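**Q** Based on what follows, work out the 3D shape:
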Amino acid sequence: MTDLTRMHEALVAADAAGDTDAAQAIAGAIRGARARSQVEVEAPYNPTDGMPRWQRAAAGYGKFIADRGRGIGQLVGAVDQGDVDEARRRDAPLMATGSGKLGNFAGALVNTAPAMFIPGVSTYAGATALGGAIGASEPVASGESRLANTVLGAAGGAGGKFVGDRILGLASRPRPQIASTPAGAAVSASPGVASASAGVSGTAAVGARGGGYTFGSVGDDVGNLTASQARIAATGTRLGMRMTPGQATGSRALQQFEAKLESQPMTSGPFNAIRDTNQGVLNRSTAAGLGERANVVDDEVLQRFMGRADDVYAQVRASGPRPINPDRFLRRISDIEAEFEGLLPGDAGVSANPLVRRLTDYAAKGEASAEQLSNLASKLGKAAHNQMTSNAGDRETGRALYQVKEVVDDLLGEGLDRNLARRFTDMRGQYRNFMLLTGRGGIVNPSSGNVNGTALAAALQKADRRGYLLGGNDSDMYQAARFAQAFKPIVGDSGTATRSPLGGPIELAASLPFNIAARAYASSPAVSAAVMGSRAAGAAGRGLAAFGTLPYYAPFALPGYGGLLGAAGGRE
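**A** Predicted coordinates:
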């Protein structure tokens, strides 16, 4: 008889005897027992409880071997989906422990090491294929994707190849090559420079670097991101911008490799997708600078902005007269005069400008109508913009006129109701952006709606030195322009190689594996792996240099290890 049964019998007896206090006490005990029983039922059984760490590590090691057979069996239809799901559920407690994960990864390293010495695996194509194969052999539980495992494994393989090249380049020390060569023939190698070389009668083998129609291999690397580029990259990524592994690490060697991939029709697709994504972010950020929500900045968006601007300014112009405090006005104009003293052409003061003299006349009267101030602000803005952007203009004059325009805009903003005051404040910055975008050709294409990031950056750099060059403006439009200037597309669309048609169905079929490999290489996991590898490669390379020839094997080993990490990421 169970404890619950006995308590139920005692409860019935207490009720029959009319003992209410005893019945309530027994009922409370029954509820507590049921709650404890429910907890025990819901608590999952953990087979690793009490297991020493070395046993967990050993079990994790064996799990990798078992998973290879299970994954391959699932691929060929020899293992049921239910078996895979049950194994995943059964192994979950083990893989939740650090020692279990460590043992599982150790099993991966040891048991895949032979595959890393297959001829060709040290190239990007071979590394991507190896990583993809490792990812594809992962058992796939319900709700998971074998394609995701394969793609992430391939991306990890490409990232591992990159890290291996970095370690090899940093750890290898230049050694003089003395060999028996025919008279007049010389063999030399310069550290840090990728060169094509050929073995000559008894010389030590040297690495060949690709050329011709093949993809080749990446040579010794040079170049890294500056601190400013790293900040711009982080900000652009938050906006939704994408980078290639070469751009994310500053690796010139990788960017040369990517230039070749981007120039080939069979591998250009992923890079075109990155360019389109970045163009979309730039367009949206620029539209946001106008207060518009749009994916392009075409003629319709510009017209919509002008309609909204006209509406705001019309309401402001109709808002009545503005009193002007002469003393406060003179203080502000005097401050502007002092700031630009001796900097304006002909040593003239800003008050000599006809538009500024008109404002001074309004101040002398003590008031001006909103329409008078609005018209004056518009003309000051246009005059300042022309001075800042035209070849015949003067930057300091433009800056001074902009500051006077701020005085007029402040007068216009006084006395407005809260809603109109907020809209007018927003419009002041938006209208300046509009003038910058439309003041010169080549920034906005009104038919496609695309913004030229390089032209936008040049215009901002010229018109707003404090905001753009000195970092005073961190709006999305400015940040997107900084990204576009810092990370330009590697290859422009020349209209030839980037749009060349494939020769026929055979060439099309042959291009598919290259396209898949390029997609894996340019994927976000590959970029993340490249960045992490770039950060770690310096210290790792210096450490491995003490082990003689060990760095030589890094390019062979790390593609496979990267594939394992990518496959693990896909499983998670």
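**Q** which phi and psi does the residue nearest to Thr244 when sequence neighbours are not counted have?
**A** Of all residues not flanking Thr244 in the chain, Glu258 sits nearest, at 5.1 Å (Cβ to Cβ, 6 or more residues apart in numbering). Any C-beta I mention is one placed from the backbone N, CA and C, and that applies to glycine too. Phi and psi for Glu258, reported as degrees, to the nearest 10, are phi -70, psi -30.
**Q** shouldn't Glu258 be in contact with Met243?
**A** No. The criterion here is Cβ atoms under 8 Å, and Glu258 misses it with Met243 at 10.5 Å.
**Q** which of the two has more neighbours?
**A** The neighbour comparison of Glu258 against Met243 (other Cβ atoms under 10 Å) goes to Glu258, with 25 against 20.
**Q** Okay, the more buried one and Gly415: tell me how far apart.
**A** For Glu258, the distance to Gly415 equals 58 Å [Cβ to Cβ, to the nearest Å].
**Q** Let me see the ranges of the strands in the chain.
**A** 321-323, 367-369 (DSSP state E).
**Q** Output these as TSV; include the columns mean pLDDT.
**A** Output for those, formatted as TSV (pLDDT from 0 to 100):
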stretch	mean pLDDT
strand 321-323	89
strand 367-369	89
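**Q** Burial-wise, tell me which of the ones you listed comes out on top.
**A** With neighbours defined as mean count of other Cβ atoms under 10 Å, the strands of the chain peak in mean count at strand 367-369, which reaches a mean of 17.
**Q** Which strands border it, and is each parallel or antiparallel?
**A** Paired neighbours of strand 367-369 in the sheet (DSSP bridges): strand 321-323 (antiparallel).
**Q** For Arg399, give me its contacts.
**A** If a contact means Cβ atoms under 8 Å, 6 or more residues apart in numbering, then Arg399 has 340, 384, 388 as its contacts.
**Q** Can you give me the distance of it to Gly103?
**A** Applying Cβ to Cβ, the value for Arg399 to Gly103 is 66 Å.
**Q** returning to what we had before: mind picking the lowest-pLDDT entry from the contacts of Arg399?
**A** Least confident of the contacts of Arg399 in the model: Met388, at 78.
**Q** Grab the nearest non-local neighbour of that residue.
**A** Closest to Met388 by Cβ to Cβ, 6+ apart is Gly398, at 3.6 Å.
**Q** for the one you found, what are its contacts?
**A** Contacts of Gly398 (Cβ under 8 Å, 6+ apart): 384-389, 463.
**Q** next one: Ser228
**A** If you count contacts by Cβ under 8 Å, 6+ apart, Ser228 has them with Ala486.
**Q** cool, and the one 4 residues further on?
**A** Counting by Cβ under 8 Å, 6+ apart, Ile232 makes contact with 479, 482-483, 486-487.
**Q** rerun that using 6 Å as the cut-off
**A** 482-483, 486 (Cβ atoms under 6 Å, 6 or more residues apart in numbering).
**Q** can you check Phe329 too?
**A** Neighbours of Phe329 in contact, by Cβ under 6 Å, 6+ apart: Ala363.
**Q** all numbers from here: first residue = 27
**A** Yep, numbering from 27; the last one is Phe355 now.
**Q** Show the pLDDT at it.
**A** pLDDT, Phe355: 86.
**Q** next one: the one 4 residues further on
**A** At Ile359, the pLDDT value in this model is 88.
**Q** what's around the nearest residue to it once chain neighbours are set aside, how many residues?
**A** The shortest distance from Ile359 to any non-neighbouring residue, by Cβ to Cβ, 6+ apart, is to Ser377 (6.5 Å). Ser377 has 15 neighbours, counted by other Cβ under 10 Å.
**Q** again with the one 4 residues further on
**A** Residue crowding around Leu381 was assessed by other Cβ under 10 Å; the count is 19.
**Q** Tell me the spacing between it and Met267.
**A** Distance from Leu381 to Met267, by Cβ to Cβ: 40 Å.
**Q** Next one: the residue nearest to Leu402 when sequence neighbours are not counted from Met453, what distance?
**A** Once flanking residues are discounted, Leu402 sits nearest to Val434: 5.6 Å by Cβ to Cβ, 6+ apart. For Val434, the distance to Met453 (Cβ to Cβ) stands at 14 Å.
**Q** which one of these two has more residues nearby?
**A** Val434 (25 against 21).
**Q** In this structure, where is pLDDT below threshold?
**A** 27-34, 37-38, 40-41, 49, 56-71, 139-148, 189-249, 516-547, 550-598 (pLDDT under 70).
**Q** how does it look with 50?
**A** Scanning the chain for pLDDT under 50 picks out the ranges 27, 65-69, 199, 201-248, 520-525, 528, 567-581, 595-598.
**Q** Now do the contacts for the closest residue to Pro352 other than its chain neighbours.
**A** Leaving aside its sequence neighbours, Pro352 sits nearest to Ala389 (Cβ to Cβ, 6+ apart; 5.5 Å). Ala389 is in contact with 350, 352, 355, counting by Cβ under 6 Å, 6+ apart.
**Q** Give me the buried positions along stretch 269-282.
**A** Buried residues in stretch 269-282, counted by 16 or more other Cβ atoms under 10 Å: 269-282.
**Q** I misspoke; the intended subject was stretch 383-402.
**A** For stretch 383-402, the neighbour count (16+ other Cβ under 10 Å) marks 384-385, 388-389, 394, 396-400, 402 as buried.
**Q** picking that back up, tell me which of the contacts of Ile258 fall in helices.
**A** In helices, judged by DSSP state H, the following of those are found: 508-509, 512.
**Q** Would you mind measuring from Gly419 to Gln487?
**A** 15 Å.
**Q** same deal with Ala259?
**A** The value you get for Ala259 to Gln487, if Cβ to Cβ is used, is 19 Å.
**Q** more neighbours, the two?
**A** Ala259 (22 against 15).
**Q** from what I can see Ala320 touches Val327, true?
**A** Yes. Using Cβ atoms under 6 Å, Ala320 is in contact with Val327, at 4.8 Å.
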